[in-house]
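Participant: following is a predicted model, sequence given first.
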Amino acid sequence: MTEPLLEVEDLTIQYETDGGMLTAVSDASFTIDEGEFFGLAGESGSGKSTIAKSIIGGLDSNGQVTSGTIRYRGEEIQGYDDKQLNEAVRWKEIAWIPQSSMNSLDPLQQVSEQAIEIGQVHTDLSNVELRDRLKEMFDIVGLQESRIDDYPHQFSGGMQQRAIIALALFLEPSLIIADEPTTALDVIMQDQIFKYLDEVKSELETSLLLITHDISVIFESCDSVAIMHASQVAEYGSVAAVHDNPRHPYAFMFKEAFPDVREPDRELEVIDGYPPELIGDVDFCSFIDRCPWATDECGQRAPNMESVDDDDPTHVAGCFRKDEAYELYQSERDHARSEGHSGEQTTAVTEGSD
Amino acid sequence: MASMKRYFVVRFVQTFVVLWLVLTGLFLLFRLMPGDFTAQMAVAGASPEALEEIRDQWGLNDPLYVQYWSYLVNFVQLDMGESAIYRQDVWQLTKMRIFNTFILVAPAITLTYVLGSVIGTVAGRKRGTNLEKFGIVPVIAAGSFPSFFIAIVFIIVFASWMGLFPTSGMLSPGVSGEYDTWWGPYLSGNFAHHYVLPFAAVICRYLFIPSMIMRTSVIEVMDKGHTQYHRLTGLSSVQRFRHTAKHASLPLITLYPVSMARALGGLVLIETVFNWPGIGWLLVESVLGRDYPVVQFVFFIVAAFVIISNFVVDLVYGTIDPRIRVEE
């Protein structure tokens, strides 16, 4: 097997705050292979954006990688400063699709000006070649080629998002990090954006790190997925494995919280409580307060990521009760169902509105 | 760049209309003011017949629209009337004084904005440090004193105690006859020597405005999404600084003519303390002596300056910020 494109290993990231060192990411590990579409899912504040930012050197000034490594093509990049990142990583290798395209395009620059500036920094191509290339990318994302000289305010929100994607594709990077690329868009636009990303997948050999709270999007368009809860990776594996055989309580409850067209009548799951704020090292399972099956052990040390399926060593979960939790959940649910459908629904709604 | 051209034309026409409105406003204002203009021109105790003759002679008995028309025609021909106090043509009387004031204010305020944007940028980028918290204090302190106080302190310290600069005037007495041309004195070392203190006083007085605005503006721009995006696309720190500066300077460009106008108006005190032959003192004298033709013209010059510099600023703004250009 060839070397993976990106390896994140035991990564811990902390923010310096008035209340102490806030742990945003704790011992997270995953790898992304060449050409792979990788989804990183979780609630707001689970640390998924922080991981993404640390890869490309975009952490806020009070945040830092306190342990662990990020390897890109075998090279450790977590300690790189701006200059090294500019030379070795940014845009030519790893590009970024930010959360809010509306605020990310420079309002004082034409899109083509911005692209040419980026191109001049990272390549030896002439302005004409760069413009041709941008036109090509505009074509891929479904924008008219003639509009590369427009200013951002001349685009609609969805068009700005597509222009941002075109800029991310611009230097044909090996990895694109998309941080909630569709959060600000309506569902029709969301669908289109993913159509374009699928096109990218078939036309260019780019890997994608897709960060989103919408796990159904990941199941639809990604190859692998890691589900995060409050700084820890809960479960990680191929999309098929995690979808069909989830093991971590947070993973299956999170999954069941989204509607599924194949089971239109299913009750949507509600996970009580909020992710905790973690000051200092996290040496316990961060899901303990919200988990119906938590034991004393869960509070004593952080669970290791262990294989859950002998046939598929890549499918791992970080839970002490990973071998029994899903079965317990299913039997409890079946039990509740047989007792009365409507009764459970009422409870769920009340819990949800808390 | 069709939109840019259109923008230029529209703003140009607007500027002309506003200048005309100011001219008209001044005309009406001075006609509404109490007191009789002819009383200034005649010797005290002149007979009513004599006054009536003067009125006729100056067209003050004509209907208002006739007066207004000749006012406009004369104005375009640079005929602003005669000063009642100096008995001299207004244009001849004021032109050198206007120039003296401008040559002091325009470079001083320009340098103030350059310095202020540097101070503001440094303070903004070092947010939270002691440099940011305390570095700006002397600038604000200097700006809080009245301008004549700064001028007096400068004279005491640099002219009186240290003897580095002359205490007042624009040229040493008796040297003005040595120059053949009107601009000769302005290029002399003697002028430069006299120029330093009032120039420095203007800068100290107004430096806090651009510094404070720039600091806030830089902090705001640094938090913007596009600033982070520029960084992640791998632009060098020099390139990123250029983008930040461009964004942050927008409010400063807007304020530049405002400061210039404020300085022109507020310069009376500095000019008085330094005995600078500018327009400030003439204006005070003319207002007190009801020398309407002079007051009217000086008011117009100050207003025209603000209007025209706003026009220039809008053009500069239009080239920097595409969002400001006139829409179809």
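Facilitator: Cool, got the structure. Numbers count the residues shown, from 1 in each chain, chains lettered A, B, ... in the order given.
Participant: A:Lys228 belongs to a helix?
Facilitator: Small correction: residue A:228 is Met, not Lys. No: if the criterion is DSSP: H, G, I helix; E, B strand; the rest coil, then A:Met228 is strand and not within a helix.
Participant: how much space between it and A:Arg321?
Facilitator: Separation of A:Met228 from A:Arg321 (CB to CB, to the nearest Å) stands at 19 Å. Backbone N, C-alpha and C define where each C-beta goes, glycine included.
Participant: neighbour count winner among the two?
Facilitator: Remark: of A:Met228 and A:Arg321, A:Met228 carries more neighbours, 30 against 19, as counted by other CB atoms under 10 Å in any protein chain shown.
Participant: get me the contact residues on chain B for chain A.
Facilitator: Contact residues (CB under 8 Å from any CB of the partner chain) of chain B with chain A: B:224-226, B:228-237, B:239, B:243, B:246-247, B:320-323.
Participant: filter the residues you listed down to the buried ones.
Facilitator: Buried members of the residues of chain B next to chain A, counted by 16 or more other CB atoms under 10 Å in any protein chain shown: B:224-226, B:228-235, B:239, B:243, B:247, B:321-322.
Participant: how about the residues of the stretch 101-250 of chain A near chain B?
Facilitator: Contacts of the stretch 101-250 of chain A with chain B, taken as CB under 8 Å from any CB, map to A:102-108, A:110, A:117-118, A:121-122, A:151, A:153, A:167.
Participant: now with 10 Å, please.
Facilitator: A:101-110, A:114-115, A:117-118, A:120-122, A:150-154, A:164, A:167-168, A:170-171, A:177 (CB under 10 Å from any CB of the partner chain).
Participant: buried among the residues you listed? Make that a PyMOL selection.
Facilitator: Listed next is the PyMOL selection for buried residues among these, using 16+ other CB under 10 Å:
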select buried, chain A and resi 101+102+103+104+105+106+108+109+110+114+115+117+118+121+122+150+151+152+164+167+168+170+171+177
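Participant: the residues of the stretch 101-250 of chain A next to chain B in strands, which ones?
Facilitator: Among those, the ones falling in strands (DSSP state E) are A:Ile177.
Participant: narrow the residues of the stretch 101-250 of chain A next to chain B to those in helices?
Facilitator: Per DSSP state H, helices hold the following members of those: A:101-104, A:114-115, A:117-118, A:120-122, A:164, A:167-168.
Participant: circling back: taking the buried ones among the residues of chain B next to chain A one by one, which sit in helices?
Facilitator: B:Gly225, B:His226, B:Gln228, B:Tyr229, B:His230, B:Arg231, B:Leu232, B:Gln239, B:His243, B:His247.
Participant: ok, the residues you listed vs A:Ile218, which is closest?
Facilitator: Comparing those against A:Ile218 with CB to CB places B:Leu232 closest, at 22.9 Å.
Participant: who's the spatially most central residue of chain A bridged to?
Facilitator: In chain A, the C-alpha nearest the mean C-alpha coordinate belongs to A:Ile211, at 2.1 Å (CA atoms, centre = their mean). Beta-bridge pairing of A:Ile211 under DSSP bridges involves A:Leu40, A:Asp179.
Participant: surely it is in contact with A:Ile218?
Facilitator: Yes: at 9.5 Å, A:Ile211 counts as touching A:Ile218 under the criterion of CB atoms under 10 Å.
Participant: now for these two: what residues contact both?
Facilitator: A:Phe38, A:Gly39, A:Leu40, A:Ala41 (CB atoms under 10 Å, 6 or more residues apart in numbering or on different chains).
Participant: for these, give me CSV that also has neighbour count and distance to B:Asp291.
Facilitator: Formatted as CSV, the shared contacts of A:Ile211 and A:Ile218 follow (neighbours: other CB atoms under 10 Å in any protein chain shown; distance: CB to CB, whole Å):
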residue, neighbour count, distance to B:Asp291
A:Phe38, 25, 82
A:Gly39, 26, 81
A:Leu40, 30, 78
A:Ala41, 28, 80
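Participant: quick one: A:Ser224 and A:Phe30 touch, right?
Facilitator: Yes: counting by CB under 10 Å, A:Ser224 does reach A:Phe30; the two are 7.9 Å apart.
Participant: low-confidence regions, the stretch 251-354 of chain A specifically.
Facilitator: The model of the stretch 251-354 of chain A has pLDDT under 70 over residues A:339-354.
Participant: how's chain B carved up into domains?
Facilitator: Residue ranges for the domains of chain B, per automatic domain parsing: B:2-76, B:95-176+B:186-321.
Participant: can you pull out the helices in the stretch 1-150 of chain A?
Facilitator: A:48-56, A:82-88, A:101-104, A:111-122, A:127-140 (DSSP state H, counting those that start in this stretch).
Participant: quickly compare the ones you listed and say which is most buried.
Facilitator: helix A:48-56 (a mean of 24; mean count of other CB atoms under 10 Å in any protein chain shown).
Participant: what about the longest helix in chain A?
Facilitator: helix A:187-203.
Participant: now do the buried residues in that helix.
Facilitator: A:Met189, A:Gln190, A:Gln192, A:Ile193, A:Phe194, A:Tyr196, A:Leu197, A:Val200, A:Lys201.
Participant: what of stretch B:284-291?
Facilitator: For stretch B:284-291, using 16+ other CB under 10 Å, the buried residues are B:Ser286, B:Arg290, B:Asp291.
Participant: go on, stretch A:269-280?
Facilitator: A:Glu269, A:Val270, A:Ile271, A:Pro275, A:Pro276, A:Leu278.
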